[in-house]
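>>> test case, fold it:
(one chain, ligands or ions: 1)
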Amino acid sequence: MAEPVADRLLDGGADDVERAAEAALRPRRLDEFVGQSTVRDQLSLVLHAALGRGGSPDHVLLSGPPGLGKTTLAMIIAAELGTSLRVTSGPAITHAGDLAAVLSSLEEGEVLFIDEIHRLARPAEELLYMAMEDFRVDVVVGKGPGASAIPLALPPFVAVGATTRAGLLPAPLRDRFGFTGHLDFYDASELEQVLLRSAGLLGTVLEADAAAEIAGRSRGTPRIANRLLRRVRDWAQVRGDGRLDLRAARAALEVYEVDVLGLDRLDRAVLSALCTRFGGGPVGLSTLAVAVGEEPETVETVAEPFLVREGLMGRTPRGRVATPAAWAHLGLTPPA
Ligand SMILES: Nc1ncnc2c1ncn2[C@@H]1O[C@H](COP(=O)(O)OP(=O)(O)OP(=O)(O)O)[C@@H](O)[C@H]1O
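Residues are numbered from 1 along each chain as shown. A predicted model of the protein is given here:
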């Protein structure tokens with residue numbers, strides 16, 4: 001099966017092949033969902049209150065970086081409400097008519113999951129406001145001056161929107177979600193729980209110190225943790241004795257060049273160029289990108305966010321700078 005290549009190993013996103021591999025590891029109910037205790041608790045209240053009233057809950061907006069569990073939570077919301085989930089995404093809806101077709105085929109109480117909702121086209125967005133607020137869409141019949149809008153009533157439904165960029169959502173759309181949950185990066189002990197649970201579902205036993213080792217290199221992201229677990233399982237099967245122990249974890253992560261902080265080859269190349277070729281900066285993004293043989297966009301979107309989040313790189317008006325932690329991580333001494 002095509003698994004991500006080494007330089008995609010630490011990316012929070014996923015393609016269809018990976019999503020298929022992930023399906024078996026998804027928590028199905030709220031109490032199986034590890035971490036995010038605030039969002040989980042708030043959502044539990046929203047859902048149970050609605051169930052108690054015998055009605056539908058408010059629409060839900062989930063925001064946060066890729067791979068933290070937004071799709072999983074949307075599926076859980078439908079399961080907890082005892083209803084089915086319909087899935088679409090901002091980029092898949094190119095015309096308002098596409099959205100009208102999806103909305104008019106919804107059954108009462110169904111959950112409509114709209115992934116990457118910030119990428120909805122403006123006319124579709126406006127149609128969605130009305131559908132969410134009044135459970136109605138206007139279907140335009142005819143063209144030009146003779147065109148008329150025929151209102152079409154929709155059954156009550158629950159919209160669950162997911163976005164990696166909550167700031168990009170126009171306020172009128174954001175306001176129509178009665179509940180917004182922001183997912184944050186997981187801490188190491190939460191990722192250990194995710195890993196131990198996933199190993200069990202894969203029919204293997206992950207030793208506790210191996211779980212800690214993988215968790216520490218997973219960039220706070222369950223998707224990355226599960227992906228690294230599959231690589232460790234491969235190593236144990238092919239080169240080890242089948243056990244998922246600390247030795248297997250360390251050896252596998254070395255093969256895939258994932259270091260103790262969860263940095264990969266590109267991250268380290270960027271840091272190392274910044275320190276050794278530019279004296280720790282400041283240096284412009286494009287100069288830095290040329291030095292590592294990558295496009296500026298790749299450096300900016302793939303390597304930089306994690307380096308900045310980990311406090312290894314700073315962004316200043318004059319360019320990128322290495323922090324003392326970066327020098328220490330590379331085992332180098334900063335200039336006086
Ligand atoms: N809290 C959690 N507990 C256990 N597993 C989790 C949790 N959150 C996510 N996962 C696992 O991580 C994988 C990715 O999660 P999911 O697809 O829900 O992320 P996402 O935020 O929707 O990402 P994207 O924005 O790329 O769609 C899932 O297969 C799931 O098994």
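
>>> after the helix or strand harbouring Pro172, which helix or strand is next?
Pro172 is part of helix 171-175 when elements are defined by DSSP states H and E. Next helix or strand after helix 171-175 toward the C-terminus (DSSP H and E): strand 179-182.

>>> which other residues reach that next one?
36, 39, 42-43, 46, 57-64, 73, 166, 174 (C-beta atoms under 8 Å, 6 or more residues apart in numbering). C-beta coordinates here come from the backbone N, C-alpha and C atoms, glycine included.

>>> what does stretch 225-232 give?
3-4, 9, 18, 21-22, 25, 191, 194-195, 198-199, 202, 206, 210, 214-215, 217-218, 244, 248-249, 252-253, 255-256, 258.

>>> any of those residues buried? List them.
Taking 16 or more other C-beta atoms under 10 Å as the criterion, what is buried in the contacts of stretch 225-232 is 4, 9, 18, 22, 25, 191, 194-195, 198-199, 202, 206, 210, 214-215, 217-218, 244, 248-249, 252-253, 256, 258.

>>> ok, and which of these reach the ligand?
When C-beta under 6 Å from any ligand atom is applied, the members of the buried ones among the contacts of stretch 225-232 adjacent to the ligand are 22, 25, 194.

>>> mark out where each domain of this protein begins and ends.
36-182, 188-255, 265-330 (automatic domain parsing).

>>> mean neighbour count, those domains: which tops it?
Stretch with highest mean neighbour count among the domains of the chain: domain 188-255 (a mean of 20; mean count of other C-beta atoms under 10 Å).

>>> what does this structure put close to the ligand?
13-14, 22, 25-27, 33-35, 66-72, 115, 164, 194, 222-223, 226.

>>> spatially nearest residue to the most centrally placed residue in the chain (excluding sequence neighbours)?
Centroid-nearest residue in the chain: Pro66, 1.6 Å away (criterion: C-alpha atoms, centre = their mean). Excluding its sequence neighbours, the residue lying closest to Pro66 (C-beta to C-beta, 6 or more residues apart in numbering) is Gly12, at 3.8 Å.

>>> repeat for Thr72
Arg26 is the one closest to Thr72 (C-beta to C-beta, 6+ apart), at 5.0 Å.

>>> can you add distance to Ala336 and mean pLDDT and give the domains of the chain back as CSV?
Output for the domains of the chain, formatted as CSV (distance: least, C-beta to C-beta, whole Å; pLDDT from 0 to 100):
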stretch, distance to Ala336, mean pLDDT
domain 36-182, 38, 92
domain 188-255, 32, 96
domain 265-330, 11, 94
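
>>> if we can go back for a sec, got phi/psi on the residue nearest to Thr72?
Torsion angles at Arg26 (phi, psi; degrees, to the nearest 10) stand at phi -70, psi 130.

>>> and what of Val158?
Per degrees, to the nearest 10, the backbone of Val158 is at phi -120, psi 120.

>>> go on, the one 5 residues further on?
Its backbone dihedrals place Thr163 at phi -150, psi 140, with angles given as degrees, to the nearest 10.

>>> that one pairs with what?
Taking DSSP bridges as the rule, Thr163 bridges to Ser63.

>>> distance check, Leu128 against the ligand.
Distance of Leu128 to the ligand, given as C-beta to the nearest ligand atom, to the nearest Å: 19 Å.

>>> which secondary structure element contains the closest residue to that residue other than its chain neighbours?
In space, and not counting its chain neighbours, Leu128 is closest to Leu99: 6.4 Å by C-beta to C-beta, 6+ apart. Assigned by DSSP H and E, Leu99 belongs to helix 96-104.

>>> after that helix comes which helix or strand?
Next along from helix 96-104, by DSSP H and E: strand 111-115.

>>> which residues touch Cys108?
Wrong residue type there; residue 108 is Glu, not Cys. Taking C-beta under 8 Å, 6+ apart, one finds 155-157 in contact with Glu108.
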